[in-house]
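Asker: this one's structure only:
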């Protein structure tokens, strides 16, 4: 990983964090141990030594093509301005890659004579993808709006890569964005195919290269004014692609004593990277190969890979998963003519959680083939015991067109279900060109559980099944669960186990019962949160709101991730231990006054970080009870002293109770009695008879409290 400071003039030692990040992932068991990988690579290389003795003619041939997709992450600029790079600038970078990896770069003339016999044509051609993952024609460039002005490679890697991603087994993903923290770029490393290497799924979702937009492309092919002078020839990408294909820095993991290198005998030992473009540099009793693309010299100084580096790359390309598969990627070929390819894009209904027992299945389909589709068959199965099959005619679905398809109504009981849809093109007796995109499944729940304000869920029930909340766990792996590590004395909280959760990007939903806010004056949501941030892992929490009982969740009232979400920092598995590990979050719900069918969804998105805890999910009728910040099972009489009859009583109970409020004079005579039903966390106006100035006693009685408070009327 190359590091770029604000002035872009750092020392070589500060410019790269590739080794640091890789070592950290290995330590966390999130990457393959280097020793195993290198032993595997050496064994594979022994069968490929023919490349070192290839004839001149064969060395000029293109051996492999690699399909590339460039994901441009911008802030809304016009194409060709700022972060939203022009098509020409992207093409200039692809040209640099092909020249550098085929040794067609004009500056081969600058390779020292002593190194020319070692310089290699890697025989790779980088091709912008011609077909996208859906089978449609593409120019190999995506453009995606990103909400941040810049991204940290160490903190926002998951976020930037999830903005736009194509399957890593079929495409070399390159994300081009504005990077903060001094980074020029970063690349993931290949893995072996050794048995027993249980690679986490998130490695696949993160596999690829990130480059700062100020170091992407070459001024040799256009006037690209945002390119930094030191890095304006496209060699940052050449360097990072080297890591992606299995190359290490020339100094390896060296600590300064010339004992380790990059596992290549034809690159001289060195202890560190090289800054600038010096006339020469000598370390470890030999002249450094400062012209090598895997050093840190300026772009104009780089001009070669070696034969050994070529052998490593070819070995990786022929054997490493997600590198070998690139060679047969559909992205290398244009879409087929006269093809039939129908895809099931999305399940629109049923939604995740809803109230009505009856629903109308609704799916979204697209024609990815080149031939119009008129007739299809749609089948669905619900939990293997409820199914339907329907033929749909007169679709007139043209190439690339998307349409919804509605099916007859389904009636089910309350409960949790899984539904799977499949589609079949009836126009083509030979079947679909790509049958693997004809199926989709989804878990959903039907629940009409309801409640009202004021509301409190302390998650002390032992199991989520004993609450009115609905859990949706799409991958049947880690998800929300109740735990004893609660904030209150009774224990209990809901926990999202991000630590050791391998399925990066997976969302797990916890959905509230339907809440009636129609009687609220100033509704407010509060909850207690505890989360430990683990470096480079930005787990995310959103709270979504549905106004229609769960049919749609299209309003976000809360979203935080990574350091913004955290209340602590820990690299080991963590749970809250003290009051300081918790933070109270307060959300104004004034926009939902009058709504009677609200549902709240806690949506946790995994980044493989650390554990998240929520407790005391509380909904208030008004804001006075929020501002009072009372402990549970306590009351507050205010104002006190008071003038006239404007006296209020605020409650904070840990469960709904019927309450009696009695008022006595100073000699113990009862003056009034007020009955209140289902009191929880609210403020009431105290009903008082006409009373003279003086001191009175207010007694509050319920099953959990019996408090008497002195009241002064002035």
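Answerer: Happy to help now that I have it. Just so it is clear, the structure is predicted and the values come from calculations on it, not from any experiment.
Asker: the helices in the protein, which residues?
Answerer: 12-15, 18-27, 34-45, 56-59, 87-101, 157-163, 201-206, 235-244, 307-319, 562-565, 624-628 (DSSP state H).
Asker: Could I get the contacting residues of the closest residue to residue 558 other than its chain neighbours?
Answerer: Closest residue in space to residue 558, ignoring its immediate chain neighbours: residue 543 at 3.9 Å, by C-beta to C-beta, 6 or more residues apart in numbering. C-beta here means a position set from N, CA and C on the backbone, and glycine is covered the same way. If you count contacts by C-beta atoms under 8 Å, 6 or more residues apart in numbering, residue 543 has them with 525, 556-559, 587, 600-603.
Asker: follow-up on the earlier one: of all the helices of the chain, which one is nearest residue 689?
Answerer: Nearest to residue 689 among the helices of the chain is helix 624-628; the distance by C-beta to C-beta comes to 23.6 Å.
Asker: buried sites along that closest one?
Answerer: Within helix 624-628, the residues that count as buried by 16 or more other C-beta atoms under 10 Å are 624-626, 628.
Asker: so what does it touch, helix or strand wise?
Answerer: strand 648-652, strand 683-685 (3 or more C-beta pairs under 8 Å, 6 or more residues apart in numbering; DSSP states H and E).
Asker: if we can go back for a sec, need the pLDDT of the residue nearest to residue 558.
Answerer: Looking at residue 543, its pLDDT is 95.
Asker: Report the beta-bridge partners for it.
Answerer: residue 558, residue 602 (DSSP bridges).
Asker: For it, give its distance to residue 527.
Answerer: As judged by C-beta to C-beta, to the nearest Å, residue 543 and residue 527 stand 9 Å apart.
Asker: Equivalent analysis for residue 444, please.
Answerer: 25 Å.
Asker: May I see the helices and strands packed on helix 624-628 organised as CSV, with mean pLDDT and mean neighbour count added?
Answerer: Output for the helices and strands packed on helix 624-628, formatted as CSV (pLDDT from 0 to 100; neighbours: other C-beta atoms under 10 Å):
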stretch, mean pLDDT, mean neighbour count
strand 648-652, 89, 21
strand 683-685, 87, 16
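Asker: For residue 68, find the nearest of these.
Answerer: Among the helices and strands packed on helix 624-628, the nearest to residue 68 by C-beta to C-beta is strand 648-652 (59.2 Å).
Asker: which intervals of the stretch 101-250 of the chain have sub-threshold pLDDT?
Answerer: 195-202 (pLDDT under 70).
Asker: Could you do the stretch 551-700 of the chain as well?
Answerer: Low-confidence segments of the stretch 551-700 of the chain (pLDDT under 70): 644-645.
Asker: All the strands of it, in order from the start?
Answerer: 555-561, 568-569, 583-588, 599-605, 612-620, 634-638, 648-652, 657-664, 670-679, 683-685, 694-701 (DSSP state E, counting those that start in this stretch).
Asker: mind checking which of those is nearest residue 270?
Answerer: Of the strands of the stretch 551-700 of the chain, nearest to residue 270 by C-beta to C-beta is strand 568-569, at 35.5 Å.
Asker: Just checking: what are the partner strands of that closest one?
Answerer: With DSSP bridges as the test, strand 568-569 pairs up with strand 524-533 (parallel).
Asker: For the strand it pairs with, the averaged confidence score.
Answerer: What strand 524-533 shows for mean pLDDT is 94.
Asker: Any figure for the gap between the residue nearest to residue 401 when sequence neighbours are not counted and residue 87?
Answerer: Spatial nearest neighbour of residue 401, chain neighbours left out: residue 367 (5.5 Å); criterion: C-beta to C-beta, 6+ apart. Remark: distance between residue 367 and residue 87 (C-beta to C-beta) = 27 Å.
Asker: Check what pLDDT residue 461 gets.
Answerer: pLDDT at residue 461 comes out at 68.
Asker: just the one 3 residues further on next, same as before
Answerer: Model confidence at residue 464, given as pLDDT, is 77.
Asker: is the nearest residue to it once chain neighbours are set aside in a bridge, and if so with what?
Answerer: Excluding the flanking residues, the one nearest residue 464 by C-beta to C-beta, 6+ apart is residue 471, at 5.4 Å. Beta bridges link residue 471 to residue 510, judged by DSSP bridges.
Asker: Just give me the neighbour total for residue 471.
Answerer: Using other C-beta atoms under 10 Å, residue 471 has 20 neighbouring residues.
Asker: contacting residues for it?
Answerer: Contacts of residue 471 by C-beta under 8 Å, 6+ apart are 464, 479-480, 508-511.
Asker: which ones are touching the residue nearest to residue 401?
Answerer: With C-beta under 8 Å, 6+ apart, residue 367 has these contacts: 341-343, 373, 397-401.
Asker: Pick the one among the residues you listed closest to residue 536.
Answerer: Using C-beta to C-beta, the contacts of residue 367 come closest to residue 536 at residue 343, 34.4 Å.
Asker: quick one: pLDDT of that closest one?
Answerer: At residue 343, the pLDDT recorded in the model is 89.
Asker: Could you double-check that it sits in contact with residue 436?
Answerer: No. Residue 343 is not in contact with residue 436 according to C-beta atoms under 8 Å; the separation is 9.5 Å.
Asker: of the two, who's got more company?
Answerer: residue 343 (23 against 7).
Asker: show me what contacts that one?
Answerer: 134-135, 365-368, 434, 437-438.
Asker: what about it, distance to residue 520?
Answerer: Taken as C-beta to C-beta, the span from residue 343 to residue 520 is 44 Å.
Asker: Skipping adjacent residues, who's closest to residue 140 in space?
Answerer: In space, residue 140 is closest to residue 128, 2.9 Å off (C-beta to C-beta, 6+ apart).
Asker: got the contact list for the one you found?
Answerer: Contact analysis of residue 128 by C-beta under 8 Å, 6+ apart lists 67-70, 90, 94, 139-141.
Asker: Ranking by neighbours, what's the top pick from the residues you listed?
Answerer: Using other C-beta under 10 Å as the neighbour criterion, residue 70 leads the contacts of residue 128 with 28 neighbours.
Asker: which one of the contacts of residue 128 is nearest residue 243?
Answerer: Using C-beta to C-beta, the contacts of residue 128 come closest to residue 243 at residue 68, 15.4 Å.
Asker: May I have the beta-bridge partners of that closest one?
Answerer: For residue 68, the residues forming beta bridges with it (DSSP bridges) are residue 128, residue 172.
Asker: So it sits against residue 139, correct?
Answerer: No. Counting by C-beta under 8 Å, residue 68 does not reach residue 139; the two are 11.2 Å apart.
Asker: between the buried residues of helix 624-628, which is nearest residue 256?
Answerer: Using C-beta to C-beta, residue 626 comes nearest to residue 256 of the buried residues of helix 624-628, at 57.9 Å.
Asker: residue contacts, that closest one?
Answerer: 524, 526, 586, 620.
Asker: what's the neighbour count on residue 122?
Answerer: The burial count for residue 122: 23, using other C-beta under 10 Å.
Asker: neighbours of the residue nearest to it when sequence neighbours are not counted, just the number please.
Answerer: Of all residues not flanking residue 122 in the chain, residue 101 sits nearest, at 4.4 Å (C-beta to C-beta, 6+ apart). Residues lying near residue 101 (other C-beta under 10 Å) number 27.
Asker: again, but for residue 313
Answerer: Neighbour number of residue 313 under other C-beta under 10 Å is 26.
Asker: Leaving out chain neighbours, which residue sits closest to it?
Answerer: Residue 313 sits nearest to residue 245 (C-beta to C-beta, 6+ apart), 4.5 Å away.
Asker: quick one: that neighbour and residue 140, what's the gap?
Answerer: 19 Å.
Asker: swap in residue 635?
Answerer: Distance, residue 635 to residue 140, by C-beta to C-beta: 66 Å.
Asker: got a winner among the contacts of residue 543 for most neighbours?
Answerer: residue 600 (26 neighbours).
Asker: For that residue, which non-adjacent residue is closest in space?
Answerer: residue 512 is the one closest to residue 600 (C-beta to C-beta, 6+ apart), at 4.3 Å.
Asker: ok, the one you found touching residue 597?
Answerer: No. Using C-beta under 8 Å as the test, residue 512 is too far from residue 597 to be in contact (11.7 Å).
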